[in-house]
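>>> can you look at this prediction? I've put the sequence above it.
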Amino acid sequence: MDISKDYDLFLEAIAGLMVIDKQGNVVYMNEQCADYINVDREKSLGKYVTEVFPSSNMQNLLTGQNKFNTNFYFQDGRMSVSTQTQLRKDGEIAGVLEYDMIQDIDALDDLLSKYGETLKDEMDYFREQVRNFKSTKYSIHNILGSSQKVKALKRQIELAAASNSTVLICGETGTGKELVAHSIHNLSARAFNNFVKVNAAGMAETLIESELFGYEEGAFTGAKRGGKKGKFQLADQGTLFIDEINQMPMSLQPKILRVLQEKEIAPIGSEKDIVVNVRMVVASNQDLRKLVGKGEFREDLYYRLNVFPINVPPLRERLEDIPELVEAKIADLNKELGKNISRVEANVYHKLAEYDWPGNIRELYNRVEAAMNYAQGEVLRMEHFNFRTDNSNLSLEELNQYGNPIEEVKKEAERKLINEVLMRFDYNKTQAAEYLKISRPLLYQKMKRLKIPL
């Protein structure tokens, strides 16, 4: 068998092969590379390299005298060691070619083990860093959508990742603020160190203080023997993500401010300060400026947090992304629910685009899951969705169908309120019941009566 001119065979056999032109746009990528970095090969062509592979630094070789570069990547829990080569034509830089020398951590381990115990120790250290890295669940690839709003958001994430400044992520409930925080960490120079998260909502003041700053042995009744490290210490050299920072108790806000200013923490019961190197990323589902105006949030802390603001767009401002979001959720739920949905009726997408989605992507995913539980075949249809609950306004024609129109309007208002409260508390039934000032069993009864998916 003559393979001397089977160039496609040669190119496909090269691990991680990618080529960019002098503008930094991807002009070639073999299928192995596309599979490895989990992108669509055809859709990637013509795009800027960091839009396809955010961790790439191939573009840096488009200028300067360096013709070769060796680079180490760690992306989504996988690693590779790559070689980059500057491509020149008629003496001018025409682009950059990159391929992977190693795509497997065990292969790297074998290689390093041949060159002495010193390098072997470094490999063991690297394995420990990998374990730390896996504390992040998401990357920028998990942010779905092709709208201009999403493209702008990803660009902001990339810029934030290149910085070490504090990031304030603002957005409505359900927009994916935590996903943005994970993505910033994964693209940053701190990616090999810990990503630690804490939610400031619903925690007692004393509990959240010990969670953040830790405590010394004997600091209070019930304190753990030997004390406990707080989130700031656990995130040292890495990233600390504080969600719902707007609910941080006023008494603790000066201590957060001190960490940002002095880079020191004081564990409860300790007489000695501890220096920490932590990059803070915080999120809020409320406008902190308005809270400052009401006296519910410290102005000086707000300005220290609002160094690199990122606003996550609500779903109603990126409705064109709904089909992509729905298809991705269906693919996940097919495995989880044992379904085989392969298509969605076009009129379903039209109907979904008419709603304003107060619960954003989280609400959309909940609706899709509820609909899939009713679907029997391979197609998700209109009748699988309870679209009528999307609006509190019923026409007179609709009300005429019911024996008691006034009672139906009351039910519709109650249904809408419960849905919105559930979304506000991320479908935590206990918190929703407390907010509504009813018992949890009564909430379940109302949800069943009003046909709200459990």
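Sure, I can see it.
>>> just the terminal-to-terminal distance for stretch 14-22.
Between the opening and closing residues of stretch 14-22 lies a distance of 22 Å (C-alpha to C-alpha, to the nearest Å).
>>> pull out the buried positions in it.
15-21 (16 or more other C-beta atoms under 10 Å). No exception for glycine: its C-beta is placed from N, CA and C like everyone else's.
>>> among those residues, which are in strands?
Among the buried residues of stretch 14-22, the members found in strands (DSSP state E) are 18-21.
>>> which residues touch residue 99?
Contacts for residue 99 (C-beta atoms under 8 Å, 6 or more residues apart in numbering) come out as 14-18, 82-83.
>>> grab the most central residue of this structure for me.
Ranked by distance to the mean C-alpha position of the chain (C-alpha atoms, centre = their mean), the top residue is residue 179 at 1.3 Å.
>>> which non-adjacent residue is nearest that one?
residue 138 (4.9 Å; C-beta to C-beta, 6 or more residues apart in numbering).
>>> so that neighbour touches residue 183, yeah?
Yes: with contact taken as C-beta atoms under 8 Å, residue 138 and residue 183 are classed as touching, separated by 6.4 Å.
>>> hmm, back to that, the residue nearest to the centre of the chain is in what secondary structure piece?
Under the assignment given by DSSP states H and E, the secondary-structure element containing residue 179 is helix 177-187.
>>> in that helix, what's buried?
Per 16+ other C-beta under 10 Å, helix 177-187 contains these buried residues: 177-187.
>>> what's the following helix or strand after it?
From helix 177-187, the next helix or strand downstream (DSSP H and E) is strand 195-199.
>>> which strands or helices does the helix ranked longest in the chain pack on?
In the chain, ranked by residue count with DSSP state H as the criterion, the top helix is helix 405-424. Counting contacts by 3 or more C-beta pairs under 8 Å, 6 or more residues apart in numbering; DSSP states H and E, helix 405-424 packs against helix 360-374, helix 396-399, helix 429-436, helix 440-449.
>>> got the contact list for the residue nearest to the centre of the chain?
Residues touching residue 179, when contacts are defined by C-beta under 8 Å, 6+ apart, comprise 138, 142-143.
>>> could you check how far it is from residue 320?
In this structure, residue 179 lies at 19 Å from residue 320, with C-beta to C-beta, to the nearest Å as the measure.
>>> what do you get for residue 354?
Applying C-beta to C-beta, the value for residue 354 to residue 320 is 14 Å.
>>> of those two, give the one with the bigger neighbour count.
Neighbours were counted for residue 354 and for residue 320 using other C-beta atoms under 10 Å; residue 320 has more, 14 against 10.
>>> and that one, that's in a strand?
No: inclusion of residue 320 in a strand is not indicated when DSSP: H, G, I helix; E, B strand; the rest coil is applied; the result is helix.
>>> that one against residue 149, yeah?
No: in this structure, residue 320 sits apart from residue 149 without contact. The criterion is C-beta under 8 Å, and the distance is 9.1 Å.
>>> quick check, residue 160 in a helix?
Yes: secondary structure assignment places residue 160 in a helix (three-state DSSP).
>>> dump the residue contacts of it.
Residue 160 sits next to 167, 184, 308, 310 when contact means C-beta under 8 Å, 6+ apart.
>>> now those in a markdown table, with secondary structure and distance to residue 94?
Rendered in a markdown table, the data for the contacts of residue 160 read as follows (DSSP: H, G, I helix; E, B strand; the rest coil; distance: C-beta to C-beta, whole Å):
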| residue | secondary structure | distance to residue 94 |
| --- | --- | --- |
| 167 | strand | 37 |
| 184 | helix | 33 |
| 308 | strand | 36 |
| 310 | strand | 36 |
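>>> how about TSV for those residues, with pLDDT added?
What follows is those, written out as TSV (pLDDT from 0 to 100):
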residue	pLDDT
167	97
184	94
308	96
310	97
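>>> which of the residues you listed sit farthest apart?
Maximum pairwise distance among the contacts of residue 160 (C-beta to C-beta): 9.2 Å, between 184 and 308.
>>> any common contacting residues for these two?
Overlap of the contact sets of residue 184 and residue 308 (by C-beta under 8 Å, 6+ apart) consists of 160, 167.
>>> low-confidence ranges, the stretch 301-450 of the chain, go.
Counting by pLDDT under 70, the low-confidence segments of the stretch 301-450 of the chain come to 387-403.
>>> at 80 what do you get?
When residues are selected by pLDDT under 80, those of the stretch 301-450 of the chain lie in 386-409, 412, 420, 423-427.
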